[in-house]
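Visitor: need a structure here:
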Amino acid sequence: MITVARPAPQGADRRYLAIGALVLLGAAAVSLFVGVSGISPADLLAGDAQKRAVLLESRIPRLAAIVLAGSAMGVAGLIMQGLTQNRFVAPSTAGTIESATFGVLVATLWFGSGSVFAKMTLAVLFALVGTAIFLALVERLRFSDIIVVPLVGIMFGAVVGAATMFFAFRADLLQTLSAWTTADFSGTLRGRYELLWLVGGLTVLAYRYADRFTVAGMGRDHAVNLGVDHRRTVTLGLALVAAVSAVVVVVVGAIPFLGLVAPNITTLLVGDNMRRVLPVTALSGALFLLVCDILSRTIRYPFEVPVGTVVGVLGGAVFVFLIFRSRFGAAAA
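Guide: I've put the predicted structure just below:
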């Protein structure tokens, strides 16, 4: 079971939300002017048409895609952790992202590379089935250690990923597969990211049902006693997670550990009430991904490192830290 965080002081979520919004605005301003094509406010004020076109066609769509994808993946991780009552469960540690990638590959094999909606639909279905299989495996575990659950999810994801790699190799699609397994915003342009507005709508829907997700996470008996349909609420939560993961994989590629890092940081600061913590989680997910994207553009400037690599390194480090923190905290208690 997940360790209940210490209740945050009244209004702490609003303070963190305000501070995070200011930091996000600052990082967004930096992001607009970082890149191979140098743009400065003076260029825009001088009416440079070429620089203005780069800003409108590339930088602003890229910023919007980062904010939408980061906030949605953070909220998806929060929902999974709430429903499973395990702080180490996220789309990247439950096989959800790998299953969505498998679905994209199957859609490409069946329908070719032109049908984006076919890819998205099959990716959602595969992600939903993969997550359901993971939960079925977890229900049969006899271990009470919360770290065993994400390890099972990582192993399950590795099996799905290996199957995806095998079929991609047989179909000569290994290079195409890399576009879905590693997130990269370098090709994000106006007209190629708009599907991510769908995950923005799903994030708003998650806030609408946040209280029900909180009750469902307490267990079936508590949910029934409080008048909440446990099965329907869990199904809705998993559907939201699957849809968010699939759309993000189709548009920008897999983003590892983001759905694990953002919820853990915010629950430590704000508490476990999902309605209070969800906006802060969305903001922290967007901010974390935006900072990683800025780093990806500056580490080897003028070349660009895929942002999925940067997120994987930093997120993996946070994951290990959380495991050690859980171990030492339990020992101290």
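
Visitor: CA only for contacts and neighbour counts going forward, please
Guide: Noted.

Visitor: and the next helix or strand past the helix or strand hosting L137?
Guide: Using DSSP states H and E, L137 falls within helix 116-139. Later in the chain than helix 116-139, the nearest helix or strand by DSSP H and E is helix 148-170.

Visitor: quick one: contacts of that following helix?
Guide: Around helix 148-170, the neighbours that count as contacts under C-alpha atoms under 8 Å, 6 or more residues apart in numbering are 88-89, 92-99, 101-102, 105, 134, 138, 174, 177.

Visitor: check stretch 293-312 too.
Guide: Under C-alpha under 8 Å, 6+ apart, the answer for stretch 293-312 is 31, 34-36, 182-186, 253-258, 289, 292.

Visitor: which of those residues count as buried?
Guide: 31, 34-35, 182-186, 253-258, 289, 292 (16 or more other C-alpha atoms under 10 Å).

Visitor: report the lowest-confidence entry in those.
Guide: Least confident entry in the buried ones among the contacts of stretch 293-312, by pLDDT: G35, with 77.

Visitor: distance-wise, check that one relative to T164.
Guide: 33 Å (C-alpha to C-alpha, to the nearest Å).

Visitor: can you spell out which helices and strands pack onto the helix or strand containing M73?
Guide: Using DSSP H and E, M73 maps to helix 60-84. Using 3 or more C-alpha pairs under 8 Å, 6 or more residues apart in numbering; DSSP states H and E, the elements in contact with helix 60-84 are helix 12-32, helix 196-208, helix 210-216, helix 230-251, helix 258-270, helix 274-298.

Visitor: how about the ones you listed, which one is nearest F117?
Guide: Nearest to F117, of all those, is helix 230-251, at 9.5 Å by C-alpha to C-alpha.

Visitor: just want the angle from the helix holding M73 to helix 258-270.
Guide: With axes from the mean of the first three to the mean of the last three C-alpha atoms, to 10 degrees defining the directions, helix 60-84 sits at 70 degrees from helix 258-270.

Visitor: so what's the gap between helix 60-84 and the chain middle?
Guide: Here the centre of helix 60-84 is set off from its chain's centre by 4 Å, with C-alpha atoms, centre = their mean, to the nearest Å.

Visitor: same thing with stretch 116-133?
Guide: Distance, centroid of stretch 116-133 to centroid of chain: 16 Å (C-alpha atoms, centre = their mean).

Visitor: can you pull the buried residues of it?
Guide: Under 16+ other C-alpha under 10 Å, the buried positions of stretch 116-133 are 116, 118-133.

Visitor: and what of stretch 135-142?
Guide: V138.

Visitor: ok, now stretch 39-50?
Guide: I39.

Visitor: residues in contact with it?
Guide: Residues contacting stretch 39-50 (C-alpha under 8 Å, 6+ apart): 33, 51-52, 55.

Visitor: narrow these to just the buried residues.
Guide: Buried among these (16+ other C-alpha under 10 Å): 51-52, 55.

Visitor: let me have the residues you listed in a markdown table, adding secondary structure as columns.
Guide: As requested, the buried ones among the contacts of stretch 39-50 are exported to a markdown table (DSSP: H, G, I helix; E, B strand; the rest coil):
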| residue | secondary structure |
| --- | --- |
| K51 | helix |
| R52 | helix |
| L55 | helix |
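
Visitor: quick one: which of the residues you listed is nearest M218?
Guide: Using C-alpha to C-alpha, these come closest to M218 at L55, 46.8 Å.

Visitor: my guess is the closest one contacts V34. True?
Guide: No - the pair L55 / V34 is not scored as a contact, 10.7 Å apart, by C-alpha atoms under 8 Å.

Visitor: and the spatially most central residue of the chain, how far from A49?
Guide: Most central in the chain under C-alpha atoms, centre = their mean is M73, positioned 2.2 Å from the mean C-alpha point. To A49, M73 is 35 Å away according to C-alpha to C-alpha.

Visitor: and A183, by the same measure?
Guide: 30 Å.

Visitor: just how off-centre is the lowest-mean-pLDDT helix or strand in the chain within its chain?
Guide: In the chain, no helix or strand scores lower on mean pLDDT, DSSP states H and E than helix 41-45, which sits at a mean of 74. Centroid displacement of helix 41-45 relative to its chain, using C-alpha atoms, centre = their mean, is 34 Å.

Visitor: returning to what we had before: would a markdown table of the contacts of stretch 39-50 with distance to G227 and pLDDT be doable?
Guide: A markdown table is the format used below for these (distance: C-alpha to C-alpha, whole Å; pLDDT from 0 to 100):
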| residue | distance to G227 | pLDDT |
| --- | --- | --- |
| F33 | 51 | 87 |
| K51 | 57 | 82 |
| R52 | 55 | 85 |
| L55 | 50 | 85 |
